[in-house]
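Colleague: Predicted model follows, preceded by the sequence.
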Amino acid sequence: MTMVSLISSLLLSLCLASSNPYQDQSSNAPPAKPVQDQDDLLRDPINVLDERINRDKITEQDLPRLPESVILPMPPDHRIAPRPGDVPIDAERWAKAHAAIGAGLGFLRASQHDMGAWMMGAEAAPTDEPAQISPVSVAVTALAVKCFAQFGINLETDRNLQNAVAFVINAQHDDGRFEGGALSNYVTSAAVSALASIDDRSLEEQLVRATRWLQHEQWDQSEGLSPRQDWFGGAGYGNSGRPDLSNTQMMLDALYDAGLSPDEPSFQRALVFLSRAQNLEATNPADWASSNDGGFIYTPANGGESMASEAAGEGRFGENSGGAAGEARSLRSYGSMTYAGFKSMLYAGLSPDDVRVRAAFDWIRNHWTFDENPGVGQQGLYYYYHTMARALRASQQETIADIDGVEHNWRAELIDAIIARQRPDGSWVNDADRWMEGSPDLVTIYCLLALEEALK
């Protein structure tokens, strides 16, 4: 029994069907598992509304439909395939991807700080609280740990990996969170995924405490929130600011990587938030969802925000998107958040036949590209690659038919796109320096994680 299998009695089943019905309209779905009583899951709050929530900004909506049973996703896999024949790509491309990862890890070995960390001293600010600058080196180092571990690097013999793991472990607080200031949800989520990838029994206690902290910090009834309110079920920056889809997907990635089952309340509460972040009138009554394209925005909290609307000159809140007098504002969907929402719904156990999953998959088919992060251009391109890789692997689709019916081997195309952008020293960097993608350490880590998903 592995370490991750010990952290919860509700483990992911290994019994999965061979494919999921996104395109063929069949019902060949994996086994279902009943969820807990929804009346308890969506009960009214017993506490007063948390003082950190602005009552004047929060909105209320009818509840989206939650499943009576969940479809178990494929179990987490923390190692790349050992042989080319185990992955549905040609052997030559597998070898090139393997070599690119090796070169990228070589770059990271050279750029690692003496203390075992990457990006020592680097700071970032939450998108909604720019004055709260916080360190990010623990999160970046945790993601680097995952790169090494998934490639099969041995913790017992590799000094770079040993030093990185020690740096991450030393940043954990007694309550389970990892040092991140206002970014504690992001940092702790990255640390959980890293610890799960190592698969070392000696780290079980640290993993359990961090996982429990993430579940406790999710916005729900304990903060006085009603399930009708737009913060409900989401995760934000250390539970100090409004929730967003990026933080929520990081939390769900961590819980999934740690082996928790989608019938856990954290996943099902998150599904409420995910549904409200989707541009889909059939399940989302928000006024901004009028484009009805099935994609996702950055957050539905406080009435909604989208980085794509900002990029289009319509304002992050869509305040400049209205046309004729009285016409409702709208918010634009974009690539990285749509892959995040699609993946998170699968992790939360939604059936591939669910209208929300199908609509998100259709958005992906309509915006198939490796040239940009659709909706925001080159901004966040490598975050997009990483999220795309995890999402498409979670879909269990080996080929994707775009809106014109052209079949795409997503692994092969992703590998080609990433390798084409690798620099001679083994690193990657984004000239569009937003969301810290001007850092070759961070961008190299995103690329290595994406390539490793393609080789699983």
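Modeller: Happy to help now that I have it.
Colleague: which residues in the stretch 251-400 of the chain form helices?
Modeller: Using DSSP state H, counting those that start in this stretch, the helices of the stretch 251-400 of the chain run over residues 265-276, 307-311, 335-347, 355-366, 381-395.
Colleague: any idea which of those helices is most buried?
Modeller: helix 335-347 (a mean of 29; mean count of other Cβ atoms under 10 Å). For the C-beta atoms, the positions are set from N, CA and C on the backbone; glycine is no exception.
Colleague: CA atoms of that helix as PDB?
Modeller: Presented in PDB, the C-alpha positions along helix 335-347 are these (Å, rounded to 0.1, in the frame of the first residue of the first chain):
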ATOM      1  CA  GLY A 335      -8.400  28.800 -22.400                       C
ATOM      2  CA  SER A 336      -6.500  28.200 -19.100                       C
ATOM      3  CA  MET A 337      -9.600  28.600 -17.000                       C
ATOM      4  CA  THR A 338     -11.700  26.500 -19.300                       C
ATOM      5  CA  TYR A 339      -9.300  23.600 -19.100                       C
ATOM      6  CA  ALA A 340      -9.100  24.200 -15.300                       C
ATOM      7  CA  GLY A 341     -12.900  24.000 -15.000                       C
ATOM      8  CA  PHE A 342     -13.200  21.000 -17.300                       C
ATOM      9  CA  LYS A 343     -10.600  19.100 -15.400                       C
ATOM     10  CA  SER A 344     -12.000  20.000 -12.000                       C
ATOM     11  CA  MET A 345     -15.500  18.800 -12.900                       C
ATOM     12  CA  LEU A 346     -14.000  15.400 -13.800                       C
ATOM     13  CA  TYR A 347     -12.100  15.300 -10.600                       C
END
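Colleague: the helices in the stretch 51-200 of the chain, which residues?
Modeller: Along the stretch 51-200 of the chain, counting by DSSP H, counting those that start in this stretch, helices occupy 91-111, 137-150, 159-169, 184-198.
Colleague: any weak-confidence spans in the stretch 301-450 of the chain?
Modeller: 322-327 (pLDDT under 70).
Colleague: Not counting sequence-adjacent ones, nearest residue to M120?
Modeller: Among residues not flanking M120 along the chain, H113 sits closest, at 4.5 Å (Cβ to Cβ, 6 or more residues apart in numbering).
Colleague: Pull the number of nearby residues for the one you found.
Modeller: Using other Cβ atoms under 10 Å, H113 has 16 neighbouring residues.
Colleague: What of T127?
Modeller: Count around T127 with other Cβ under 10 Å applied: 19.
Colleague: Surely it and R242 touch.
Modeller: No: if you go by Cβ atoms under 8 Å, T127 and R242 don't touch, sitting 9.5 Å apart.
Colleague: For the helices of the stretch 51-200 of the chain, please prepare TSV with the additional fields distance to V443, mean neighbour count and mean pLDDT.
Modeller: TSV is the format used below for those (distance: least, Cβ to Cβ, whole Å; neighbours: other Cβ atoms under 10 Å; pLDDT from 0 to 100):
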stretch	distance to V443	mean neighbour count	mean pLDDT
helix 91-111	10	17	97
helix 137-150	11	26	97
helix 159-169	18	19	97
helix 184-198	15	28	96
